[in-house]
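Q: okay, sequence plus prediction incoming.
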Amino acid sequence: MPSVYDLLAHQVATRPDALALEDVTGARLTYRGLSAAADDIADVLKAKGIGPGDRVMIVSENCAAKVAALFATWRIGAIAVPVNARQTEAELARVNAHAEPKAVFFTTQVSPDAEKHSITAQKKIADLDASTISGAWGELTLHCPRGDSFAGDSDVAVLLYTTGTTGDPKGVMLTHDNVRFGGKTSAELRGMHHDDLIYGVLPTTHVFGLCSVVVAAIHAGAPVRPIPRFIVADVFDALRDGITLFSAVPQMHALLMAHAKALGETALGSKTLRYVSSGAAPLDPTWKREAEAFYGVAIQNGYGMTESTAGTAATRNAIGDPDTSVGPALPGIEIAIDDDVPGGEVLTRGPHVMKGYFRNPTETAKVLGEDGWLRTGDLGEIDAEGRLYIRGRAKELIIHGGFNVFPPEVEAALNDHPEVVQAAVVGRSIGGDEEVLAFVQVPHDGGPSEEDLRAFVRDRLTGYKRPARYVLATSLPAAPTGKILKHKLIETFADQLG
């Protein structure tokens, strides 16, 4: 059966001494070196009795050791379960209980949070085989809880637990074919080649960073620089020094532009950057123009989700193009709109669609039909040229006074304000209706008042779309990707909302 590992094997066979990875620990691995690291780690796993279908959990932040652990897992036919080390102990415990991993890696060398979780586990689990393995690629702590666990499907490459999971976790099963297709499609979309240097700050515990950055780079034979976490000053400096491709979410772009503004800079000033993409949230026209002026290259938008291996549609626009769609469907992929759902639900079908939710056939049946169409839960429309426009999440649609309010439209109006870093809009039930709540991130050294924002949107939004309440803060709750966690906004700012 074709494996994601085969992508690495191909590079070893054709370009063994070319650079594959360089990370913050100083590790520089050629394809031959990455393959050797993966094989060494795979030998350790096999010696522990781990084989096809077993889950290998990787509690991590981005580094060469994490990539080596992924390919080692795929080398022996096991299933990788990447989990961000910045999650809480309770969140990790829920994933662990559901996935039942036979081995757990911790990227302790680059992540204090991973080290903390490793130490906590060793204190709490009496019957635990714990060890440290290391090499030129870095260092990993390995835990192997003693006891049996059932084997899963050997065609599954990775099990990803969706951001913000509460209660029973929902694990997305992506097959080797899914991940290979996602990597190939992403590499071809971006025109990745051997002379590129790709900045990998998107967490590889998320499908965007895993498939569209790391697997895509290995497919193309392009070196990647995995970065443990987004630190705006570090990213700003790195992008001015040799990086050619940068994929991020809008919140990362907004913070970079705010950082530049604080330095008195209006543009990034990179001589090498050629491709910048944005995903995981809609773009608005003003923001897009500002970002293109800042980077000096076109901002390419895209659409995808964990259940669709990241990529479903993407743009290929020239700089200055006013298009704010997420582009047409990628090659080999179908998209459609179910107009029976209020607002129009986006459906997609093709080799990118997940196998299903791990150990959860009921939830799988709700979103994945026998005809292969995946119900995304997103609202959108397709224009005459086949371009997809995302209007928001079906669950986030606000019905105020009998009218549909799409949060991205309200957010776009707020983001037009020159002193707003970013905004997030949600609905809250009140008296048989829903009110529109706006959470606005402003600079640390001041920014607009609530009265300023109310006046600003008055000419931009009709009455029923205008927020009833505003919360201004210097930061908003966010996932490791930088994506705002909307489900935590009301809870986080409960005292201000009353």
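A: Great, that's in hand. Residues are numbered from 1 along each chain as shown.

Q: where does pLDDT dip in this protein?
A: 148, 163-168, 280-282, 402, 431-432, 481 (pLDDT under 70).

Q: distance of Thr30 from Leu379?
A: 46 Å (C-beta to C-beta, to the nearest Å). C-beta: built from backbone N, CA, C; applies to glycine.

Q: so the two - more neighbours on which side?
A: Neighbours around Thr30 and Leu379, counted as other C-beta atoms under 10 Å, are more numerous at Leu379. The numbers are 25 against 18.

Q: what are the bridge partners for that one, then?
A: When bridges are called by DSSP bridges, Leu379 pairs up with Glu345, Gly392.

Q: send the alpha carbons of the helix or strand where Leu160 lies over as CSV?
A: Here Leu160, judged by DSSP states H and E, is contained in strand 156-161. Taking Å, rounded to 0.1, in the frame of the first residue of the first chain, the C-alpha atoms of strand 156-161 are listed here in CSV:
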residue,chain,number,x,y,z
VAL,A,156,-5.0,5.4,8.2
ALA,A,157,-1.9,7.7,8.3
VAL,A,158,-2.9,10.2,10.9
LEU,A,159,-5.6,10.9,13.5
LEU,A,160,-6.2,14.6,14.1
TYR,A,161,-8.4,15.9,16.9
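
Q: for it, buried residues please.
A: Using 16 or more other C-beta atoms under 10 Å as the test for burial, strand 156-161 gives Val156, Ala157, Val158, Leu159, Leu160, Tyr161.

Q: how about the secondary structure of the closest residue to the fifth one other than its chain neighbours?
A: Taking C-beta to C-beta, 6 or more residues apart in numbering, and ignoring the residues beside it in sequence, Leu160 has Val172 as its nearest neighbour in space, at 4.7 Å. Secondary structure assignment for Val172 (DSSP: H, G, I helix; E, B strand; the rest coil): strand.

Q: start the count at 6, not 1, going forward
A: Sure, I'll start numbering at 6, so the last one becomes Val177.

Q: how many neighbours does Val177 have?
A: For Val177, the neighbour count with other C-beta under 10 Å is 23.

Q: quick one, what contacts it?
A: Leu164, Leu165, Tyr166, Thr167, Val212, Thr311, Glu312, Met359, Tyr362, Phe363 (C-beta atoms under 8 Å, 6 or more residues apart in numbering).

Q: now these in TSV, with distance to Ile84?
A: Converted to TSV, those look like this (distance: C-beta to C-beta, whole Å):
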residue	distance to Ile84
Leu164	6
Leu165	11
Tyr166	13
Thr167	16
Val212	15
Thr311	15
Glu312	17
Met359	13
Tyr362	14
Phe363	9
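
Q: quick check: PyMOL command selecting the buried ones in the residues you listed.
A: With 16+ other C-beta under 10 Å as the criterion, this PyMOL line picks the buried residues out of the contacts of Val177:
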select buried, resi 164+165+166+212+311+312+359+362+363
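
Q: which one of the contacts of Val177 is nearest Val184?
A: Val184 has its nearest neighbour among the contacts of Val177 in Val212, at 9.0 Å by C-beta to C-beta.

Q: quick check: the closest one vs Pro453, distance?
A: 35 Å.

Q: next: Gly309.
A: Taken as C-beta to C-beta, the span from Gly309 to Pro453 is 33 Å.

Q: cool, Lys491 as well?
A: For Lys491 relative to Pro453 (C-beta to C-beta), the value is 21 Å.

Q: tell me what angle whatever helix or strand Glu96 lives in forms with strand 161-166.
A: Element membership for Glu96, per DSSP H and E: helix 94-104. Orientation check (axes from the mean of the first three to the mean of the last three C-alpha atoms, to 10 degrees): helix 94-104 against strand 161-166 gives 140 degrees.

Q: packing partners of helix 94-104?
A: strand 60-65, strand 84-89, helix 117-129, strand 161-166, strand 176-180 (3 or more C-beta pairs under 8 Å, 6 or more residues apart in numbering; DSSP states H and E).

Q: could you dump those into CSV with distance to Val49 added?
A: Converted to CSV, the helices and strands packed on helix 94-104 look like this (distance: least, C-beta to C-beta, whole Å):
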stretch, distance to Val49
strand 60-65, 11
strand 84-89, 15
helix 117-129, 16
strand 161-166, 20
strand 176-180, 24
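
Q: so for Arg465, which of the ones you listed sits nearest?
A: strand 84-89 (36.2 Å).

Q: buried ones in that closest one?
A: For strand 84-89, by 16+ other C-beta under 10 Å, it's Ile84, Ala85, Val86, Pro87, Val88, Asn89.

Q: what is the most widely separated pair among those residues?
A: The most widely separated members of those, counting by C-beta to C-beta, are Ile84 and Asn89 (17.6 Å).

Q: all good on my end, thank you.
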